[in-house]
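A.B. asks: only the shape, not the letters, is given here:
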């Protein structure tokens, strides 16, 4: 771990990430990188450059990609990893993490989250505020679990998925990669076809 943390993305998600980092008190210095040239400060922390400037700080900083869009987050994080930069994992001190839980690099776990035993969280995931992930879940890479989502036991969520606010996934369900689950949806059957799903129970819709 380095003394400095650089957060890529100074917008809303970046502010939440900065708040977690400040509470963890691991780094003596925290700043942002953001490609919006009009931003020079966020959360009282300086914006010191753009994403392309990350390599300048390779030897002195850890990095966290605070970009909400899954595809963009994946692209940026994988670029940083390829260049050999150190990627942090951030877990809010008020999150409850069970025994035998694995959380990979670049993932964020927000306040009020419960992750129960023997669950696996892939790299670059967002486990957002007050969501509940029960035992033996597998959350693959670059997934966004939105606030107040509830996943029952033995759920598998495929890569790059977005699970909308307040949605519920029943136990022993598998959701394939490339899905968006709308806010408040109830998933009671396996989802095997990529797409957008809404409703109670959740059904695929054509956009």
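C.D. replies: Great, that's in hand. Please read all numbers here as calculations on a predicted model, not as lab measurements.
A.B. asks: bridging residues for the most centrally placed residue in the chain?
C.D. replies: Nearest to the mean C-alpha position of the chain, by CA atoms, centre = their mean, lies residue 126 at 1.5 Å. Beta bridges link residue 126 to residue 108, residue 144, judged by DSSP bridges.
A.B. asks: and it, how far from residue 205?
C.D. replies: Residue 126 sits 24 Å away from residue 205, going by CB to CB, to the nearest Å. No exception for glycine: its C-beta is placed from N, CA and C like everyone else's.
A.B. asks: circling back to that earlier point, hmm, the residue nearest to the centre of the chain is touching residue 66, no?
C.D. replies: No - contact criterion CB atoms under 8 Å: residue 126 and residue 66 do not qualify, at 9.2 Å.
A.B. asks: so after the helix or strand of the chain with the lowest mean pLDDT, what's the next helix or strand?
C.D. replies: Lowest mean confidence among the helices and strands of the chain (mean pLDDT, DSSP states H and E): strand 41-42, at a mean of 92. Next along the chain after strand 41-42, taking DSSP states H and E as the criterion, comes strand 45-46.
A.B. asks: neighbouring contacts of that following strand?
C.D. replies: Strand 45-46 is contacted from outside by 7, 18, 30-32, 40, using CB atoms under 8 Å, 6 or more residues apart in numbering.
A.B. asks: which among those end up buried?
C.D. replies: Neighbour counting with 16 or more other CB atoms under 10 Å marks 7, 18, 30-32 as buried within those.
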